[in-house]
Structures are given as structure tokens and as C-alpha cells.
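Student: model this:
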Amino acid sequence: MSWILLFIAGLCEVGWAVGLKYTEGFTRLIPSVLTAIAMLFSVVLLGLAMKTLPAGTAYAVWTGIGTVGTVILGAVLLGEPMSLPRVACIALIVCGIAGLKFLS
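Tutor: Residues are numbered from 1 along each chain as shown. Here you go, the predicted structure:
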């Protein structure tokens with residue numbers, strides 16, 4: 001169950017990271033509120049997952065999911081560049097996340 005909570009927390013992190021772009025410096029109300037809610041859910045779920053998972057592993061997986069998801073959504077939604085070297089680096093992060101999951 002902790003891994004599921006951690007995965008959802010990572011997805012919420014993607015939501016708030018991308019959401020920050022849409023807040024335009026917290027000057028737009030709806031995106032700002034949704035971003036703040038995603039932040040809250042992300043941290044609360046991370047905390048719940050850390051009750052049974054090692055802190056270092058949980059944090060690394062959480063930030064890894066957030067990083068990979070944000071890069072992907074940045075390319076899809078915001079038109080950010082997606083070059084072969086970037087894809088290779090993201091693949092390395094995914095390998096690290098998978099390694100931490102299987103070793104825990």
C-alpha cells in the first residue's frame with residue numbers, strides 16, 4: 001500500500017510542478033488553488049508512505065516520479081524540447097527509480 005501512496009504522491013508532485021507554470025507567479029486564482037491542493041496531497045501522501053518505507057528511498061522515488069512526469073508533460077503541454085540526450089537522461093532516472101523499488 002505504501003508504494004501505491006508513494007506513486008500517487010509522485011503524480012501529485014507532477015501536478016503541482018506543471019501547475020506552477022499555469023499560476024503565472026500565483027497571479028491566477030484557479031491554477032494557484034489547484035497547485036496548492038496538489039502540493040498538499042503530494043506531501044501528505046509522501047509522509048504516509050514514509051511510515052513504512054525508508055525515507056531516502058521514498059524521497060528519491062517521489063522526486064524521480066515528479067521529475068520524469070514533469071519533463072514529459074513539459075514537452076507535451078508546454079512545448080519544451082525533447083532531444084535524444086534528454087530522453088536518455090530520463091531513462092536513467094527511471095532505471096534508478098526501478099532499482100530502488102526492487103531493492104526495497
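Student: SS state for the residue located most distally from the centre of the chain?
Tutor: Distance from the C-alpha centroid of the chain peaks at Thr27, with 23.0 Å (CA atoms, centre = their mean). Thr27 carries the three-state label coil when classified by DSSP: H, G, I helix; E, B strand; the rest coil.
Student: where does it sit relative to Thr52, distance-wise?
Tutor: Separation of Thr27 from Thr52 (CB to CB, to the nearest Å): 40 Å. In short, each C-beta sits where N, CA and C put it, glycine included.
Student: do the same with Phe102
Tutor: Note on Phe102: its distance to Thr52, by CB to CB, is 17 Å.
Student: higher neighbour count, the two?
Tutor: Of the pair Phe102 and Thr52, Thr52 is the one with more neighbours under other CB atoms under 10 Å, namely 12 against 7.
Student: Assess the claim that the more buried one and Leu5 are in contact.
Tutor: No - when contacts are counted by CB atoms under 8 Å, Thr52 is not listed as touching Leu5 (9.4 Å).
Student: intersection of neighbour lists for those two?
Tutor: Residues within reach of Thr52 and of Leu5 at once, by CB atoms under 8 Å, 6 or more residues apart in numbering: there are none.
Student: Val87: what secondary structure?
Tutor: Applying three-state DSSP: Val87 is helix.
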